[in-house]
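**Q** The following comprises the amino acid sequence and a computationally predicted model.
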Amino acid sequence: MPKPKLTLVRGDLTEQDVDVVVNAANSSLLGGGGVDGAIHRRGGPEIVAACRDLRATSHVDGLPTGQAVATTAGRLPARWVVHTVGPVHAKSEDRSGLLVSAHRESLRVARELGARTVAFPAISTGVYRWPLADAARIALGTVRTEGEGFEEIRFVLFGDDAYRAFEAEL
Ligand code: APR
């Protein structure tokens, strides 16, 4: 299987016409701000309904940091949303392994769905305060080694600073 095309887009994750968009969720899976808020707002109530089902069945205690789970994408152009929880940045301890895991597990779940194209936001770089350059290094490094089997893996950056940080790492 050839290596996936890695692309950067300056724009809105909710507008991406790909098989899977990855949501930077929190462990509750019940929505929030940032990307999470945009996905639920644009994707509609089907998504949070599917998340509630997960909380009632397979994920009663919520989604642990670094793990991933799929739902419908509701009204989004994408077919599925893969929700993952990135780590909150902490100076006191190195949580890079959890950020690697969030990307690797999202790709694993997307592969199980049969997805060929996946779009990521810059996970953990907003509310969770992960420095952009380090997040870009970890994100691109992980998809380069774990991206087997996909046609395209796209990073959708909302701001110029995020775009430049990822461009510098590509
Ligand atoms: N499309 C693409 N990127 C976006 C969008 C969007 N529509 N909205 C925000 N972003 C960018 C932010 O600018 C940031 O670079 O996504 C990146 C991740 O930021 P957050 O969404 O804040 O995610 P994160 O830092 O992982 O924090 C997760 O925030 O929204 C809550 O419920 C969420 O508690 C969770 C926490």
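**A** Sure thing, it's come through.
**Q** Kindly report the residues of this structure close to the ligand.
**A** With CB under 6 Å from any ligand atom as the criterion, the chain meets the ligand at residues 12-14, 24-26, 32-38, 86, 121-128, 156, 158-159, 162. Bear in mind the C-beta positions are built from the backbone N, C-alpha and C, glycine included.
**Q** Tell me the buried residues within those.
**A** 13-14, 24-26, 32, 34-36, 38, 86, 121-126, 128, 156, 158, 162 (16 or more other CB atoms under 10 Å).
**Q** ok, now which ones touch the most centrally placed residue in the chain?
**A** By CA atoms, centre = their mean, the chain has its centre lying nearest to Val22, at 3.1 Å. Contact analysis of Val22 by CB atoms under 8 Å, 6 or more residues apart in numbering lists Ala68, Val81, Val82, His83, Thr84, Ser106, Ala110, Val118, Ala119, Phe120, Pro121, Ile123.
**Q** out of the residues you listed, which one sits closest to the ligand?
**A** Pro121 (4.1 Å; CB to the nearest ligand atom).
**Q** Skipping its backbone neighbours, what lies nearest that closest one in space?
**A** Of all residues not flanking Pro121 in the chain, Val35 sits nearest, at 4.6 Å (CB to CB, 6 or more residues apart in numbering).
**Q** Among the residues of the chain next to the ligand, which ones are in strands?
**A** Under the assignment DSSP state E, those contribute Ala24, Ala25, Val156 to strands.
**Q** How much space separates the first one from His103?
**A** The gap separating Ala24 from His103 is 11 Å, by CB to CB, to the nearest Å.
**Q** What's the mean pLDDT across stretch 150-162?
**A** Here stretch 150-162 scores 97 as its mean pLDDT.
**Q** per-residue confidence at Met1?
**A** 66.
**Q** Can you list the low-confidence ranges for the chain?
**A** Within the chain, the segments meeting pLDDT under 70 span 1.
**Q** the helices in it, which residues?
**A** With DSSP state H as the criterion, the chain has helices at 34-43, 45-56, 96-113, 132-146, 160-169.
**Q** I'd like those helices laid out as JSON lines, including distance to Pro4.
**A** Output for the helices of the chain, formatted as JSON lines (distance: least, CB to CB, whole Å):
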{"stretch": "helix 34-43", "distance to Pro4": "21"}
{"stretch": "helix 45-56", "distance to Pro4": "25"}
{"stretch": "helix 96-113", "distance to Pro4": "9"}
{"stretch": "helix 132-146", "distance to Pro4": "7"}
{"stretch": "helix 160-169", "distance to Pro4": "15"}
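**Q** Alright, I will stop here.
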